[in-house]
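> A structural model of the following input is requested.
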Amino acid sequence: MQLVDLDPCDQDVINVFADIDRLISSLYPVATSQALTVNELGLPGVYAVGLKNQDGIVACGAIVKQFDGSWYGEIRRLYVKPSYRGKGLSRRIMQILLHYAGEEEIPIIKLETGPKQIQSIHLYENLGFVQCAPFGEYTENPNSLFMELALS
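Next comes the predicted model:
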């Protein structure tokens, strides 16, 4: 498996983002989705990576530098294709993103997930994330759970 930067022009990236959108739409009302789009991958402050093999992008994730009175990184689009789950790939992607955040001296990492994504929540807790208040443009919502991890 090869670590690759996510290229918005790569059909494998477009396909995996469509997979993510379908999954999230099946779990939560579309109105709650604030997803990073394929076109935003090339913006400054976005670091997005994937694990790719003969089946295309099988796992991915991104961190987006944000400013809300102070700098933080927001985890977005963490995803593993169903047939590759249970192999530690989401943890591997998260470790790569957290390493990047440390290199970039981003002091805190935040994320929004949904309460139905129990395995994701367990991963985040295992990595040291704790629940927090909504941040950025998010508001309190029963379909959202907010978490953060201080790196400094």
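
> Regarding the protein, what is its longest strand?
For the chain, the strand with the greatest residue count under DSSP state E is strand 56-67.

> Pairing partners for that one, with directions?
Partners of strand 56-67 in the sheet, by DSSP bridges, are strand 46-53 (antiparallel), strand 71-80 (antiparallel).

> Those into a markdown table, with extra columns for mean neighbour count, mean pLDDT and distance to Ser25?
In this view, the C-beta of every residue, glycine as well, is placed from N, C-alpha and C. Below are the strands paired with strand 56-67 laid out as a markdown table (neighbours: other Cβ atoms under 10 Å; pLDDT from 0 to 100; distance: least, Cβ to Cβ, whole Å):
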| stretch | mean neighbour count | mean pLDDT | distance to Ser25 |
| --- | --- | --- | --- |
| strand 46-53 | 20 | 97 | 21 |
| strand 71-80 | 23 | 95 | 13 |
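
> Throw the ones you listed into CSV and include distance to Ile109, thanks.
What follows is these, written out as CSV (distance: least, Cβ to Cβ, whole Å):
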stretch, distance to Ile109
strand 46-53, 12
strand 71-80, 5
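
> so which of those strands comes closest to Gln11?
strand 46-53 (11.9 Å; Cβ to Cβ).

> where along the chain do the strands fall?
2-5, 46-53, 56-67, 71-80, 108-113, 130-131, 145-150.

> Buried residues of the longest one, list them for me.
Going by neighbour count (16 or more other Cβ atoms under 10 Å), the buried part of strand 56-67 is Ile57, Val58, Ala59, Cys60, Gly61, Ala62, Ile63, Val64, Lys65, Gln66.

> Next, the angle strand 108-113 makes with it.
Here strand 56-67 runs at an angle of 120 degrees relative to strand 108-113 (axes from the mean of the first three to the mean of the last three Cα atoms, to 10 degrees).
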